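**Q** below: sequence and its predicted model.
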Amino acid sequence: MSLEKQVSAKSGWGMLAATVAAFVIDIALFILSITQIDGAPEGHEPAAFVVLLVASIFVFILLFIPCMGFFSVQPGQARVLILFGTYVGTVRESGFFWANPFYSRSLGNPDAAALNLDEAVKKSGAKSDTNQAKGLSTTVSVRARTLNGERLKVNDKMGNPIEIATVVVWHVADTAKALFDVDNYPSFVAMQTETALRHVASIYAYDHMEDDDAHSSSITLRSNIEEVSGSLRVELDRRLSAAGVSVDDARLTHLAYAPEIAPAMLRRQQAEAVIAARKKIVEGAVSMVDMAVKQLSEGNVLELDDERKAVMASNLMVVLCGESEAQPVVNTSSLY
């Protein structure tokens, strides 16, 4: 397992000044050699200036090698230094630097085409270009990225087909692990996010299937979004730690029953809502009837026997629980 090692690179400004000065001196020597050789009689060219001419051309070509060592690191980026396959370290400071010109600028990835990297990189929020097919760049972005996952059809704990989607905010915490321990870390993040989402969706039920205390206390996908999101983040942290990726946040963006069972589940939810409302109405009506009977009896307003109490309770329950407005009926005769 690779571990990131932070190193400091030399400032590129001093080396840039030295390189420019070397180019100027070499060009001046080249012009001097040409002038001296051109001014000498034919066949009597000075040997020293001929050698100087050849040397200036050779040095001019060699001076392009140090130029390959210049690189810049923007804020939110890191540069991984690799020398002939050996990991040297990671530069996290931003600025203009110079390092060994033979440090690699990209990692070879012969399996990139088979992995369909364009799709994975597009999901992960990284730039999609032709360089991804050749290999990952040694310049790694450590900024926060957003992966907006597609809708997945999975089965919940009860076996019901549901549609679910998530958005994950992540960043590269260890550049060495990201480049060396997995083949392609953007693709790895996309695949592991889908796997983790399927796992979390399978260990929770979509909703409570029965209205009792044992089931109402359990965690469900619809009723406990925060708890489910926390479980998803823990699962992602566990899976992505091997790639040096840290998860900043993970949230569900879509949750619904699959289309084939959605109408049936909607009717079930509507029925549960009606039952709950009816239960509340009946409980309120019973308490009101009980209060009315007690107050009439305690205040000696009316002396009601059991039969009269039953009739009054029945009438009040009809009035309080009925869906339509009650029609008043005036009874001018005796109750008996």
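**A** Perfect, I can see it now.

**Q** which SS class is residue 72?
**A** strand (DSSP: H, G, I helix; E, B strand; the rest coil).

**Q** what sits against it?
**A** Each residue near residue 72 by Cβ atoms under 8 Å, 6 or more residues apart in numbering is listed here: 12, 95, 96, 97. Glycine gets a C-beta too; all of them are placed from N, C-alpha and C.

**Q** for the stretch 1-150 of the chain, which spans come out with low pLDDT?
**A** In the predicted model, the stretch 1-150 of the chain carries pLDDT under 70 at residues 39-45, 108-135.

**Q** 80 - rerun?
**A** Low-confidence segments of the stretch 1-150 of the chain, defined by pLDDT under 80: 1-2, 37-47, 49, 107-136.

**Q** circling back to that earlier point, can I have the buried ones of the contacts of residue 72 as a ChimeraX selection?
**A** Remark: buried members of the contacts of residue 72, expressed as a ChimeraX selection using 16 or more other Cβ atoms under 10 Å:
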select :12,97
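
**Q** just the ones in strands from the contacts of residue 72, please.
**A** Judged by DSSP state E, those include 95, 96, 97 as members of strands.

**Q** output the contacts of residue 72 as TSV; include the columns distance to residue 166.
**A** Converted to TSV, those look like this (distance: Cβ to Cβ, whole Å):
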residue	distance to residue 166
12	42
95	37
96	39
97	38
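
**Q** so which two of the contacts of residue 72 are the farthest from each other?
**A** The distance between the two most remote of the contacts of residue 72 (Cβ to Cβ) is 7.9 Å, for 12 and 95.

**Q** mind checking the SS state of residue 8?
**A** Per three-state DSSP, residue 8 ends up coil.

**Q** mind starting the numbering at 303 from now?
**A** With 303 as the first residue, the last one maps to residue 310.

**Q** how about it, what does it touch?
**A** Residue 310 neighbours (Cβ under 8 Å, 6+ apart): 393, 395.

**Q** from residue 505, how far off is it?
**A** Per Cβ to Cβ, to the nearest Å, residue 310 is found 46 Å from residue 505.

**Q** likewise for residue 534?
**A** Taken as Cβ to Cβ, the span from residue 534 to residue 505 is 11 Å.

**Q** who has more neighbours out of the two?
**A** The neighbour count for residue 534 versus residue 505, taken as other Cβ atoms under 10 Å, is higher for residue 534 (23 against 13).

**Q** show me which of the contacts of residue 374 is closest to residue 356.
**A** residue 314 (30.4 Å).

**Q** for residue 395, give me phi and psi.
**A** When read as degrees, to the nearest 10, the backbone of residue 395 gives phi -70, psi 140.

**Q** show me what contacts it?
**A** Here residue 395 is in contact with 310, 311, 375 (Cβ under 8 Å, 6+ apart).

**Q** burial of the last one, as a residue count?
**A** I take that to be residue 375. By other Cβ under 10 Å, neighbour count at residue 375 equals 17.

**Q** could you pull out the strands for the stretch 453-602 of the chain?
**A** For the stretch 453-602 of the chain, applying DSSP state E, counting those that start in this stretch gives strands covering 454-457, 463-474, 547-559.

**Q** who's in contact with the last one?
**A** Strand 547-559 is contacted from outside by 446, 450-451, 453, 462-475, 480, 487, 490-491, 508, 523-524, 527, 530-531, 534-535, 538-539, 542, 564, 567-568, using Cβ under 8 Å, 6+ apart.

**Q** apply 6 Å and report the result again.
**A** With Cβ atoms under 6 Å, 6 or more residues apart in numbering as the contact definition, strand 547-559 has outside contacts at 446, 453, 464-475, 491, 523, 531, 534-535, 538-539, 567.

**Q** got it, and the first one?
**A** Strand 454-457 is contacted from outside by 463, 465, 466, 500, 503, 560, using Cβ under 6 Å, 6+ apart.

**Q** neighbour-wise, which of those residues leads?
**A** residue 503 (25 neighbours).

**Q** show me what contacts that residue?
**A** Each residue near residue 503 by Cβ under 6 Å, 6+ apart is listed here: 456, 466.

**Q** mind putting the strands of the stretch 453-602 of the chain in a markdown table, mean pLDDT and distance to residue 404 included?
**A** Conversion of those to a markdown table gives the following (pLDDT from 0 to 100; distance: least, Cβ to Cβ, whole Å):
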| stretch | mean pLDDT | distance to residue 404 |
| --- | --- | --- |
| strand 454-457 | 88 | 45 |
| strand 463-474 | 92 | 25 |
| strand 547-559 | 90 | 29 |
